[in-house]
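In: what's the 3D shape of this:
(chains A, B, C and D)
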Number of protein chains: 4
Amino acid sequence: MENPSYVFERTALYYETDQMAIVHHSNYIRWFEEARIAYMKDKGYPYSKMESMGIMIPVMGVDCKYHRPVKFEQTVLIYVKIAEFNGAKLEIEYEVCDKETGVVHITGHSKHCFVRSDTFRPVRLKKDHPEMAEIFE
Amino acid sequence: MENPSYVFERTALYYETDQMAIVHHSNYIRWFEEARIAYMKDKGYPYSKMESMGIMIPVMGVDCKYHRPVKFEQTVLIYVKIAEFNGAKLEIEYEVCDKETGVVHITGHSKHCFVRSDTFRPVRLKKDHPEMAEIFE
Amino acid sequence: MENPSYVFERTALYYETDQMAIVHHSNYIRWFEEARIAYMKDKGYPYSKMESMGIMIPVMGVDCKYHRPVKFEQTVLIYVKIAEFNGAKLEIEYEVCDKETGVVHITGHSKHCFVRSDTFRPVRLKKDHPEMAEIFE
Amino acid sequence: MENPSYVFERTALYYETDQMAIVHHSNYIRWFEEARIAYMKDKGYPYSKMESMGIMIPVMGVDCKYHRPVKFEQTVLIYVKIAEFNGAKLEIEYEVCDKETGVVHITGHSKHCFVRSDTFRPVRLKKDHPEMAEIFE
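Out: Okay, here's the model as predicted:
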């Protein structure tokens, strides 16, 4: 991936494998979440801070392509990039590559919106929290 | 198991397997929870009812013995039995047997207490909710 | 969904919830798998049979849209439909609806190919296993 | 824990929480596995090496006590200690403590045996692999 916003390292765990002896395909959706939360923390917005700001970023959709499976004990780098952000909606792109070879194993996206954690009503991030909006631009 | 309080049927799912091609050992703790919640519902106390009563039954401890692994698509019966109940503490016993052969695969226990969901303070079930205490006796 | 190929019933489990008190978004990918395997079994092709035929149906991609969250103890119907099948590739569509109200909560797709389980080489299903190809048409 | 054999650091992930807003109790069994595998790797026996030696260490039993819940984003240290080892059977003890305060949250054990990965027959570790037996003594 060119110009990633963040790189997250992860090693596949034993309990993430299935009987094909590969990481079960549902787990990459969880890895995307881990990488996304680490990215937010790296930019100064750990979950606890967003919580105290009264903001939630629910997942509206995900997609994932399985190019090559990841195996137990394999270490990958998950590249994270903001694919689109218009102040109300956010799309994040992910690329999971073998740490040693750089070969692409998994790619995907997640789509999000911003809501107030009490009312679940939309937050206009650029207007209400411009300093937070900046991290996605 | 002699005189079980409840019998719960479950079929092992694909994503519950690991690369030894057996159900990962952590999942039986989840099956115990499923069986326990189904048992409570069967006795007239679905989770939603306990919630509206303001009662939670947190897990204080679990143990599990793995006699024989369970495989994908295998159907088991999970026998549930109240092992001990003194009004404040509850111990539940589980036995996971193959549905066809009856062979024991997994055994275990979970220990619980009763607390108010707002204050987390102990509930004396026999005194405060005698009709609910009865289902454990 | 109009003309579904199969309908699968599922109740959300306690351990599937996250701290937003809704089913964690990764679990619907697992529900799709459950519904897909149940559908195959219903059509006469349980996993064990495909295994003995030496065929695997790996997941090439998934996507999922989260319209409304599903909550613990909520029972849903998962409608399954073959969206596309050309003998080599298969796309399945899913719709997760509340059992009582029929309201759509989750929609998604999974894409698959057919490979020999020993060589991982593609299987031309229509030619090699026409009777199995029929269930997707 | 006095004289631990190994210390493993872990931060609770979002998808590990449940609707009580704490890490679901089944996940600690998975954390024990992570800590155990990291310990083995640290002692020179990564899973891949044992695999090439033809040895498996299946789980015979686990127990777990929940003293205090762990919350999302909380970082803990998991202390690992060999509780018992007689050449044929192995018992490992775990203590999960808050990294900052040192307060004990979770304690537990896992019991294991050693088998050949092809025949599943017991391995006498002290006799057959004395250099590996040493790491448990």
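In: and the gap between the residue nearest the centre of chain A and chain C?
Out: For chain A, the residue sitting closest to the mean C-alpha position, by C-alpha atoms, centre = their mean, is A:Arg36 at 3.0 Å. Separation of A:Arg36 from chain C (C-beta to the nearest C-beta, to the nearest Å): 12 Å. The C-beta positions use only the backbone N, C-alpha and C, and glycine is treated the same way.
In: now do A:Tyr6
Out: Distance, A:Tyr6 to chain C, by C-beta to the nearest C-beta: 20 Å.
In: I'd like to know how many residues surround A:Glu131.
Out: 9 (other C-beta atoms under 10 Å in any protein chain shown).
In: doesn't it lie inside a strand?
Out: No: A:Glu131: not assigned to a strand; according to DSSP: H, G, I helix; E, B strand; the rest coil it is helix.
In: ok, back up a step: I'd like the next helix or strand past the helix or strand where the residue nearest to the centre of chain A lies.
Out: Secondary structure assignment for A:Arg36, by DSSP states H and E: helix A:27-42. Using DSSP H and E, the helix or strand that follows helix A:27-42 in sequence is helix A:47-53.
In: what residues of that next one count as buried?
Out: A:Tyr47, A:Met50 (16 or more other C-beta atoms under 10 Å in any protein chain shown).
In: chain B contacts on chain A?
Out: Contact residues, chain A versus chain B (C-beta under 8 Å from any C-beta of the partner chain): A:Tyr14, A:Tyr15, A:Thr17, A:Asp18, A:Gln19, A:Met20, A:Ala21, A:Ile22, A:His24, A:Ser26, A:Phe72.
In: list just the nearest of the residues you listed to C:Tyr47.
Out: Checking those against C:Tyr47 with C-beta to C-beta, the nearest one is A:Gln19 at 9.9 Å.
In: what about chain A, which residue is the most distant from its middle?
Out: Residue of chain A lying farthest from the centroid, by C-alpha atoms, centre = their mean: A:Gln19 (26.4 Å).
In: just to revisit the earlier point, contacts only, for the residue nearest to the centre of chain A.
Out: A:Val80, A:Ile92, A:Ser110 (C-beta atoms under 8 Å, 6 or more residues apart in numbering or on different chains).
In: from chain B, how far off is it?
Out: A:Arg36 is 22 Å from chain B, by C-beta to the nearest C-beta.
In: same question for A:Leu90.
Out: A:Leu90 is 28 Å from chain B, by C-beta to the nearest C-beta.
In: doesn't that residue belong to a strand?
Out: Yes: if the criterion is three-state DSSP, then A:Leu90 is within a strand.
In: ok, now which ones touch the closest residue to it other than its chain neighbours?
Out: Leaving aside its sequence neighbours, A:Leu90 sits nearest to A:His112 (C-beta to C-beta, 6 or more residues apart in numbering or on different chains; 4.5 Å). Residues near A:His112 by C-beta under 8 Å, 6+ apart: A:Ile57, A:Pro58, A:Val59, A:Met60, A:Lys89, A:Leu90, A:Glu91, A:Ile92.
In: any of these buried? List them.
Out: By 16+ other C-beta under 10 Å, the contacts of A:His112 give A:Ile57, A:Pro58, A:Val59, A:Met60, A:Leu90, A:Glu91, A:Ile92 as buried.
In: the fifth one and A:Glu84 touch, don't they?
Out: What that stands for is A:Leu90. Yes: between A:Leu90 and A:Glu84 there is a contact at 7.2 Å, judged by C-beta atoms under 8 Å.
In: mind putting the contacts of A:His112 into TSV with pLDDT?
Out: Listed next are the contacts of A:His112 as TSV, based on pLDDT from 0 to 100:
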residue	pLDDT
A:Ile57	94
A:Pro58	94
A:Val59	97
A:Met60	98
A:Lys89	93
A:Leu90	96
A:Glu91	98
A:Ile92	98
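In: out of the residues you listed, the closest to chain B would be?
Out: Nearest to chain B, judged by C-beta to the nearest C-beta, of these is A:Val59 at 19.3 Å.
In: looks like that closest one contacts C:His25 (just checking).
Out: Yes: using C-beta under 8 Å, A:Val59 makes contact with C:His25 at a distance of 4.8 Å.
In: so what sits against both of these two?
Out: Joint contacts of A:Val59 and C:His25 (C-beta under 8 Å, 6+ apart) are C:Tyr66.
In: what's the distance between A:Val76 and A:Glu93?
Out: A:Val76 is 16 Å from A:Glu93, where distance means C-beta to C-beta, to the nearest Å.
In: next: A:Ser110.
Out: 9 Å.
In: okay, those two: which has more neighbours?
Out: Legend: neighbour count by other C-beta under 10 Å for A:Ser110 and A:Glu93, higher for A:Ser110 (25 against 18).
In: who's that one bridged to?
Out: Note on A:Ser110: beta-bridge partners by DSSP bridges are A:Val62, A:Ile92.
In: show me what contacts it?
Out: A:Phe32, A:Glu33, A:Arg36, A:Val59, A:Gly61, A:Val62, A:Glu91, A:Ile92, A:Tyr94.
In: and those, which two are furthest apart?
Out: Across the contacts of A:Ser110 (C-beta to C-beta), the longest gap, 14.8 Å, separates A:Glu33 and A:Glu91.
In: ends of stretch A:71-79, how far apart?
Out: 18 Å (C-alpha to C-alpha, to the nearest Å).
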